[in-house]
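Colleague: Sequence and predicted structure are below.
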Amino acid sequence: FKSGRGDRLLRGLFGVGTSAGCMRSAQRLIALTCILSQQTANGLVAPAAAPRISSLLALTTLGGVRAQNQRSCTSSSAATKMSSPAELSRWEGMWSAGLKPGDRFDKSKSSQTFLDVIASWQDKAKAQKCRILIPGCGRGYDVVEAARANFDALGLDISPTAVQAATEYRATQGDLSGKAEFSTTDFFSFPESGVFDLVFDYTFLCAIDPSTRGAWAETHKRLIKPGGELATLIYPIRPKDDHGPPYAMNTDLVRSLLEPQGFVCESMEPVPAAKSHPGREGMEVLARWRAPAS
């Protein structure tokens, strides 16, 4: 690509008028494929899973390139941030290797703290349909519980296999009062603005690359309705270290990200051990934020 020959090849594949954004998407796929090969060679991705991951990535990334070529796109600085190829490869690798309910970060059900947040919205959600966004939704337990409480719920996950698992889980849950939908749309480039009454962020901030934290706060501000709510279940609370994901979290860090964007903290309380998933006791704080009015 430094010589320009790679760019000329991609323009030949996707059209002379291919935009710079589309070119970056195609280059992203190439970089991701190289990372996938390295991780397979190092034993981080099961060899049998590699072809499936490669196909899924090609469908999602190159499909997006062709779609981008058919429309002009405008975005804020936060929206241009995208999850990195390494992140996509990591999470899709774990899911496509056969992540089962109860394995690793999958806790088989919603946390009691999330159910408490939803319950606090009960009157409003019954009076009118409210929209909730759950980024990094995994198998979709929270999305389903929100829809059961009459929310129109959308879960985002970077992994196509996670979204497939969430869709399959939803199919086992019968009739729900609201919608339960899932998408691989990148959180940072979500196309709508000011449309969610509530966003629940749990094990998402701690999972993303630290370099994208500023864009994380900007994107929340853009997506939430003026005066809406961002509920952050901050985890894992531990001293700063070089390990992750999940990366170490603390309340001062989250304040430093959200308050400059105009969010007002309405409550911040440690989660009682009885309400945490096993193994997370004493490592969680629920902070509830009011989005700026304009």
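Modeller: The structure has been received and is ready for your questions.
Colleague: can you pull out the strands in the stretch 51-200 of the chain?
Modeller: Using DSSP state E, counting those that start in this stretch, the strands of the stretch 51-200 of the chain run over 131-135, 152-156, 180-183, 196-202.
Colleague: Make TSV out of the ones you listed and add mean pLDDT, mean neighbour count and distance to residue 231.
Modeller: Bear in mind the C-beta positions are built from the backbone N, C-alpha and C, glycine included. Shown next, in TSV, are the strands of the stretch 51-200 of the chain (pLDDT from 0 to 100; neighbours: other Cβ atoms under 10 Å; distance: least, Cβ to Cβ, whole Å):
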stretch	mean pLDDT	mean neighbour count	distance to residue 231
strand 131-135	98	26	9
strand 152-156	98	25	13
strand 180-183	98	20	18
strand 196-202	98	24	5
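Colleague: need those strands in CSV with distance to residue 105, can you?
Modeller: Putting the strands of the stretch 51-200 of the chain into CSV (distance: least, Cβ to Cβ, whole Å) gives the following:
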stretch, distance to residue 105
strand 131-135, 14
strand 152-156, 15
strand 180-183, 17
strand 196-202, 11
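Colleague: Any idea which of these gets closest to residue 236?
Modeller: The minimum distance between residue 236 and these falls on strand 196-202, with 11.2 Å, by Cβ to Cβ.
Colleague: how far does the closest one sit from the chain's center?
Modeller: Its chain's average C-alpha position is 11 Å from that of strand 196-202, according to Cα atoms, centre = their mean, to the nearest Å.
Colleague: hmm, who's touching that strand?
Modeller: 111, 114, 117, 121, 124, 130-136, 142, 146, 151, 220, 223-225, 228-233, 235 (Cβ atoms under 8 Å, 6 or more residues apart in numbering).
Colleague: Equivalent analysis for stretch 154-169, please.
Modeller: 56, 59-60, 83, 87-88, 91-92, 94-96, 99, 131-144, 179-187, 190.
Colleague: about what we covered before: please pick the buried ones from the contacts of strand 196-202.
Modeller: Neighbour-count burial (16 or more other Cβ atoms under 10 Å) applied to the contacts of strand 196-202 gives 111, 114, 117, 121, 130-136, 142, 146, 151, 220, 223-225, 228-233, 235.
Colleague: For this structure, just list every one of the helices.
Modeller: 5-14, 20-41, 50-69, 85-96, 112-120, 122-127, 141-148, 160-171, 213-223, 251-258 (DSSP state H).
Colleague: buried residues in stretch 242-251?
Modeller: For stretch 242-251, by 16+ other Cβ under 10 Å, it's 245-249.
Colleague: So residue 146 is in contact with residue 131, correct?
Modeller: No: between residue 146 and residue 131 there is no contact under Cβ atoms under 8 Å: 9.6 Å.
Colleague: list the residues that contact both of the two?
Modeller: Common neighbours of residue 146 and residue 131 (Cβ under 8 Å, 6+ apart) are residue 153.
Colleague: give me the low-pLDDT residue ranges for the stretch 1-150 of the chain?
Modeller: 1-82, 108 (pLDDT under 70).
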